[in-house]
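1. whatever this is, show me its structure:
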Amino acid sequence: MAKQGKKYAAALEKIDRDKSYKIEDAIELLKDVSYEGFDAAVELAIRLNVNPRKAEQNLRGATVLPHGTGKTKRVLVFATGDKATEAEEAGADYVGEDELINKVMDGWTDFDTVVATPDMMSKVGKLGRTLGPKGLMPNPKTGTVTPDIKNAVEEIKAGKVEYRVDKVGNLHLIVGKRSFSDAKLVENIKAFYETVRSLRPQTVKGVYVNNVAVSTTMSPGIKVDASSLSK
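-> So this is what the prediction gives:
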């Protein structure tokens, strides 16, 4: 831990904590200060002036990043008949109904995303206690309860990510890997930022975005000038 502490402190010394960097400069600096011995995830954090207790300000949804996240997600689909075949052809990793539902109820969670057709939700609903706390419960708002199984699975495999504002108004999202080119990371971040801007609730008064920061798995955060994110 002491060694890690020294590396963190050394990284911190290279960052001007009072400065908000242009996104291109922030990414360049982030790669310089990140010290993980693996291909670390790059995370974007956006602090919004919203009150998640108000339904219209409890932002939640999904979006496809231009260059994905660098991780291929394992997709579980609850569907029957033609829709099950559709899921398999689209590249879903696991497809089924009662047998898989029982397997999940017994504690199996070897997947990253769950998709279900609307007609399956009466059965899938019983998994709420298992999937809910893990953020894996299918939801129409994120496009994971849908009759269009083919499109849902293909988008997830292509890099679709879910987001949800936390109880204090923060949005956190993995936007790629350190090994991504600077340009790809910048494009992913700008794309998600535009999505967030488009979601601004009409009931929010004054400033909407309080601050933006980027970090890797273990690095300090680097403040980003939000004006450099607008296309």
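2. I'd like the next helix or strand past the lengthiest helix in the chain.
-> As assigned by DSSP state H, the longest helix anywhere in the chain is helix 182-198. Moving toward the C-terminus from helix 182-198, the next helix or strand (DSSP states H and E) is strand 209-216.
3. restricting to C-alpha, output that next one in PDB.
-> Only the C-alpha atoms of strand 209-216 are listed here, as PDB (Å, rounded to 0.1, in the frame of the first residue of the first chain):
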ATOM      1  CA  VAL A 209     -23.300  20.700 -15.200                       C
ATOM      2  CA  ASN A 210     -21.400  21.500 -12.100                       C
ATOM      3  CA  ASN A 211     -18.100  19.800 -13.000                       C
ATOM      4  CA  VAL A 212     -16.600  17.100 -15.100                       C
ATOM      5  CA  ALA A 213     -13.500  14.900 -14.400                       C
ATOM      6  CA  VAL A 214     -11.700  11.900 -15.900                       C
ATOM      7  CA  SER A 215      -9.600   9.300 -14.200                       C
ATOM      8  CA  THR A 216      -8.300   5.800 -14.600                       C
END
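4. partner strands of that strand, parallel or antiparallel?
-> strand 41-48 (antiparallel), strand 222-224 (antiparallel) (DSSP bridges).
5. distance from it to the middle of the chain?
-> Mean C-alpha position of strand 209-216 versus that of the full chain (C-alpha atoms, centre = their mean, to the nearest Å) differs by 14 Å.
6. so what touches it?
-> 20, 23, 26-27, 30, 34, 36, 40-49, 169, 175, 178, 189, 193, 196-197, 221-226, 229 (C-beta atoms under 8 Å, 6 or more residues apart in numbering). No exception for glycine: its C-beta is placed from N, CA and C like everyone else's.
7. show me where pLDDT drops low in this structure?
-> Across the chain, residues meeting the criterion (pLDDT under 70) sit at 1-4, 231.
8. can you give me the strands in it?
-> Remark: strands assigned in the chain by DSSP state E are 41-48, 60-64, 75-78, 94-96, 113-116, 160-164, 170-177, 209-216, 222-224.
9. and the ones you listed, which is most packed in?
-> When the strands of the chain are scored by mean count of other C-beta atoms under 10 Å, the highest mean neighbour count falls to strand 75-78 (a mean of 27).
10. listing partners with orientation, what would you give for that strand?
-> Here, using DSSP bridges, strand 75-78 pairs with strand 94-96 (parallel), strand 113-116 (parallel).
11. redo those strands as a markdown table? Include distance to residue 8.
-> Formatted as a markdown table, the strands paired with strand 75-78 follow (distance: least, C-beta to C-beta, whole Å):
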| stretch | distance to residue 8 |
| --- | --- |
| strand 94-96 | 39 |
| strand 113-116 | 32 |
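12. excluding chain neighbours, give the residue nearest to residue 121 in space.
-> residue 145 (6.1 Å; C-beta to C-beta, 6 or more residues apart in numbering).
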